[in-house]
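Engineer: Curious how this folds, go ahead:
(chains A and B)
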Amino acid sequence: MRPDPQLLPRLMGAPRRLALLLTLELLSACAAGPRTTSRINRVQPRSGEVWARDLGHALGLQPWELCAELGTRDCVEEAHRVTLGGVEPASLGIDAPLPEPSVSAPMAADRVAISACGERYARDKAGPALLFGPVLERDNRWRRQEVGAALVLRMLGRPATDDELDALEALYDTIKDQTDDPVRSWAVGACVVVTTSTEALFY
Amino acid sequence: MRSRRALLQQLSAFAGVGLTSSLLSPKALAKGAQDPRFLIVLCATGGGSIIDGPLAVKASESATPEVLNTFPDAMVKQWQGSPFRAVDLSMNSIGAIPAPFSTRPSAVLERHRGALMVATQTGTSVNHQIAERRSITGNEAFRGRTLQELVAWQYGAEVPIPNVHLLAGTGFNDAGTDATVPAWARRQVVADPAIWPLSLHGTKGLERGLPADVLQAVRKVRAEQFEPATRFGQVYAEAPRLAEWARLRGEPQERIEAMGLIEKLMVAEDSPALPLSKFGLRSSGSAAAARSAFPNSDTDPLHAQAALAFLLLKHGVSVSVTLGPDFGFAYAPGVSDGAGLPPDSVLNPPLGFDFSHQAHRAAQAVVWSRIYAVVDGLIGLLQAEPFAGGGSMWDRTMIYVATEFGRTKSRPAGAEDWGTGHDLNNGVAVFSPLVPGDTLRGGVDPDTCLTYGFDPDTGEPTPDQNNAEVDIFSGLLGALGVDRSDSGLPDVPALRRA
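Structural biologist: As a prediction, this is how the structure comes out:
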């Protein structure tokens, strides 16, 4: 059989085409920026106990000072224990966290956070302040940024980004005319935003 | 706010075909929501023996009454033309527990046997967890879906929490295994009926709460600005767990808060232990009626469950509720004469029906009495509750007493109380206007105390064969009008009212 006269040129052209394709792929990747979404998405909920420990640490409160329903039932240990992903093997036979979140879990988390953030605000107002001091002394955009940065650092364990601080400032713009006490509403509200964000509740 | 039905309509349109004849069909969901049925699964946890309940056997009927679980003739109450019986029993103890008790099941059957159907079955497991699960899945007969999920799916598309489990930790509370069952039709577990309503609002009733419009702004900023700005939110933007969390924070949360369920479902009354008024809350407007029907709701977990079950159905929150006595000891202090515990102070023996291992006759009598009391209370409340489309809520309700399994039928000769093991052979009790009332499907052989089955079409007794979990499961679904097309389930018309 006679060799194909075009075969040699084709073989010699292949590396050039491959290099061109690789270059285009690289350019395309650079243009799109780094991939930002996980392909695995292995996200787990923190149990109420773990989340509450972080919350207490961030707000300088003991676990039993965070929230008590009707002033009598500890929210995390008792009232919303199973709802927030805890177990109750002895009395209820629930020896593993519910595999799917309860329909009331987001509301229960909000209640705990509002109560705890409200407690921190009340203590800071009575002094000495731990977290909300800057806005209690003088409320302005820069002071709110200072508090927002402290909230993110204390709860999420990392510095806040500008976009996150802008989001918290947007909260002030929304509520300033809705409430008689915009300082408290913003302080407690921003605290709830950060402490009940998915980053705080999941890992 | 988009309803689940609207979302499913879009899904159906996207899919093009294939959804129109199933439970997913928007048309079927709309119809189900407007014309619902309600399911109450009342769990006879631990093995409720049907021959210690409505199918008691008289000694004179048996060839060997001394060594079988039979009752002296004089103790067995019967009604003319009815297949059912009741044994009013008084004893001085529940096995080793020195607690005298008296039970009067005859009073409940006197009132409600017209709505009672008993269907016999021989199950496939005497393991508690497995038998319980098979009681609600028909032994995985319909792609692993549970009765509660199917009812919630068909009738609960427009209610906020269709499938609520007020009992936890048993196989009756298992989730189904069919991933195609919508998330909203799956079980929601309530750990403590007295406190759970407090988790149904983000801020109401808190000492240091936030104004409602501020909370709304907080949630909006959190979801639309703060979380998307975080690296965590960006990396896991497509995570299913976070998508489900976002879904719960959306329509379900809005509906639950808007309906004021934190108060509408509050059974407890204002008290030093639960100072509702101090925190700006009050009991449900129907709490007094519920507490009247279930007077021990402060001390007896079963009464607390039953009271909340009624409120969940009445307020259109759920279409399926699951409740029952658990394995815990429930005790109501009273006055003792010094010889033992006060009379009727043991509300639930440890292990519920399974205390039959130690004291069969006493344990069965006490716990059946609890079951009957809950049936009586729920029927009374639901009969008094008009349904918007006419009639009462009871007209469209089924109480399924899921008995788990039976108990061994023998006893030491002449023993007045004794211990029993687990037995596959048993039956279930169903109270409902949707089933043939005052009717027994199957029967009991008095010479063995074993139950025998029935013809699924005619309901005629079949002494040579037994029915399995799947027959009960399918029959109850049929009585509830749940779509079983393409399920492969046997049709059991004998279990639905003609």
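
Engineer: Show me the shaky parts of chain A.
Structural biologist: The model of chain A has pLDDT under 70 over residues A:1-35.

Engineer: What residues sit buried inside stretch B:251-258?
Structural biologist: For stretch B:251-258, a neighbour-count test (16 or more other CB atoms under 10 Å in any protein chain shown) marks B:251-253, B:255-257 as buried. C-beta here means a position set from N, CA and C on the backbone, and glycine is covered the same way.

Engineer: Pull the number of nearby residues for the residue of chain B found nearest chain A.
Structural biologist: Closest approach between chain B and chain A, counting by CB to the nearest CB: residue B:169, at 2.2 Å. By other CB atoms under 10 Å in any protein chain shown, the residues close to residue B:169 number 21.

Engineer: Where does it sit: helix, strand or coil?
Structural biologist: Here residue B:169 is recorded as coil under DSSP: H, G, I helix; E, B strand; the rest coil.

Engineer: who's in contact with it?
Structural biologist: By CB atoms under 8 Å, 6 or more residues apart in numbering or on different chains, the contact set of residue B:169 is A:89, A:92-95, B:326.

Engineer: Mind giving me the PyMOL command for buried ones among those?
Structural biologist: A single PyMOL command is used to select the members of the contacts of residue B:169 judged buried by 16+ other CB under 10 Å:
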select buried, (chain A and resi 92+93+94) or (chain B and resi 326)
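
Engineer: Restricted to helices, list the contacts of residue B:169.
Structural biologist: Judged by DSSP state H, those include A:89, A:92 as members of helices.

Engineer: Out of the contacts of residue B:169, which is nearest to residue B:65?
Structural biologist: Ranked by distance to residue B:65 (CB to CB), those are led by residue B:326 at 33.6 Å.

Engineer: phi, psi of that closest one?
Structural biologist: Main-chain dihedrals, residue B:326, degrees, to the nearest 10: phi -100, psi -170.

Engineer: Also residue A:54?
Structural biologist: Note on residue A:54: backbone dihedrals following degrees, to the nearest 10 are phi -60, psi -40.

Engineer: ok, it - how many residues close by?
Structural biologist: 17.

Engineer: cool, residue B:488 as well?
Structural biologist: Number of residues near residue B:488 (other CB under 10 Å) recorded here: 11.

Engineer: Contacts only, for it.
Structural biologist: Going by CB under 8 Å, 6+ apart, residue B:488 touches B:141-142.

Engineer: Kindly provide the distance from it to residue B:141.
Structural biologist: 8 Å (CB to CB, to the nearest Å).

Engineer: circling back to that earlier point, nearest to residue B:238, of the contacts of residue B:169?
Structural biologist: Checking the contacts of residue B:169 against residue B:238 with CB to CB, the nearest one is residue A:94 at 30.2 Å.

Engineer: Report the beta-bridge partners for the closest one.
Structural biologist: Beta-bridge partners recorded for residue A:94 (DSSP bridges): residue A:88.

Engineer: Surely it and residue B:189 touch.
Structural biologist: Yes - using CB atoms under 8 Å, residue A:94 is in contact with residue B:189, at 7.4 Å.

Engineer: what do those two both touch?
Structural biologist: Joint contacts of residue A:94 and residue B:189 (CB under 8 Å, 6+ apart) are A:82, B:168.

Engineer: So for residue B:388, what pLDDT did the model give?
Structural biologist: Residue B:388 is assigned 87 on the pLDDT scale.

Engineer: which residues touch stretch A:79-91?
Structural biologist: A:45-49, A:51, A:69, A:73, A:76, A:92, A:94-98, A:101-102, A:104-105, A:108-109, A:111-112, B:168-169, B:189, B:191-192, B:195-196, B:198-199, B:328.
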